[in-house]
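>>> compute the structure for the input listed below.
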Amino acid sequence: MNMKIKKILNNSVVISLDEAEKEIIVMGKGIAYAKKVGDEITSEQITKKFILSPKNCPQRVLDLLSNITLDYVEIADNIIQYAKEKMTLDTQDSIYIALIDHIQASIERYKEGTFIRNKILWEIKNFYSEEFDIGLYGLKLINDRFNISMPEDEAGFIALHIASIRTNDNIQQTYKVTHFIQSITNIVQILFKYRVRHRIVKLSSFCDTPSLFLHPIIFTT
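I've put the predicted structure just below:
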């Protein structure tokens with residue numbers, strides 16, 4: 001299916017119109033090279049596409065996509081596809097965009113010498129073990145593609161993005177939930193001198209929030 005270019009964001013990203021005149025963000029290597037508004041692009045040129053709507057594409061997102069490279073898009077897409085092979089995920093375009101944004105920002109910070117420590121990495125490893133494995137897969141893709149050595153902290157951040165898909169929360173809410181679990185385990189360790197490790201206790205013992213029941217708390221004496 002051919003599409004017409006409505007707006008060129010950069011050589012690899014354009015806003016196009018499909019046959020129903022619906023606006024779609026289309027990505028592909030050199031997809032807009034030597035082209036102008038009104039020209040057609042073919043499906044063979046397309047690597048990724050997103051439905052354009054006010055909800056998932058405010059101006060900030062368009063600005064992001066204008067400065068994005070396909071390396072980030074391909075890595076995010078590979079991570080999501082790998083996650084779909086490992087678990088059931090209902091992904092939306094906004095999830096891809098959020099993950100692309102995160103990957104780009106993380107790599108740019110790392111190259112500038114800025115490192116953000118993941119303060120809830122232990123909790124992510126233990127409460128989101130499947131998601132963390134996916135995060136490790138994504139971390140290897142990033143390190144191999146860009147010839148860098150980002151630490152496991154980044155795998156934890158990627159895991160939170162995957163966890164946010166499973167729980168239908170945004171990434172900020174998922175982080176808050178995990179941080180809450182961290183606070184609970186710290187309190188238990190201090191008050192009862194329990195060491196958090198291997199025995200599972202339901203979160204319902206501590207709170208009445210149904211969405212938190214997905215996350216086990218683990219204790220051993």
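
>>> so what's Lys4 bridging to?
On the basis of DSSP bridges, Lys4 is bridged to Leu17, Glu40.

>>> where do the strands of the protein begin and end?
Remark: strands assigned in the chain by DSSP state E are 3-10, 13-17, 23-27, 40-41, 48-51, 195-201, 217-220.

>>> name the nearest residue to Leu9, sequence neighbours excluded.
Nearest non-adjacent residue to Leu9, counting by CB to CB, 6 or more residues apart in numbering: Ser66, 4.3 Å away. For every residue, glycine as well, the C-beta is placed using N, CA and C.

>>> was I right to think that neighbour contacts Lys7?
No. Using CB atoms under 8 Å, Ser66 is not in contact with Lys7; the gap is 9.9 Å.

>>> ok, those two, which is more surrounded?
More crowded of Ser66 and Lys7, by other CB atoms under 10 Å: Lys7, with 15 against 12.

>>> tell me how far the closest residue to the more buried one other than its chain neighbours lies from Val37.
Closest residue in space to Lys7, ignoring its immediate chain neighbours: Ile15 at 4.2 Å, by CB to CB, 6+ apart. Applying CB to CB, to the nearest Å, the value for Ile15 to Val37 is 10 Å.

>>> pull out the buried residues from stretch 34-52.
35, 41, 45-46, 48-50, 52 (16 or more other CB atoms under 10 Å).

>>> what's the weakest-modelled helix or strand in this structure?
Least confident helix or strand, the chain: strand 217-220 with a mean of 37, by mean pLDDT, DSSP states H and E.

>>> what pLDDT is listed against the residue nearest to Leu9?
The score at Ser66 is 83. That number is its pLDDT.

>>> Phe180 now?
Phe180 is assigned a pLDDT of 51 by the prediction.

>>> which one of the strands of the chain has the poorest average confidence?
strand 217-220 (a mean of 37).

>>> before we move on, the earlier item: which neighbours do Ile15 and Val37 share?
Shared contacts of Ile15 and Val37 (CB atoms under 8 Å, 6 or more residues apart in numbering): 5-8.

>>> need the max-distance pair from those.
The two members of the shared contacts of Ile15 and Val37 with the most space between them (CB to CB) are Lys6 and Ile8, at 8.8 Å.

>>> give me the more crowded residue out of those two.
Higher neighbour count among Lys6 and Ile8: Ile8, with 19 against 16, using other CB under 10 Å.

>>> now the more buried one, nearest residue through space, not along the chain?
Ile8 sits nearest to Ala32 (CB to CB, 6+ apart), 4.6 Å away.
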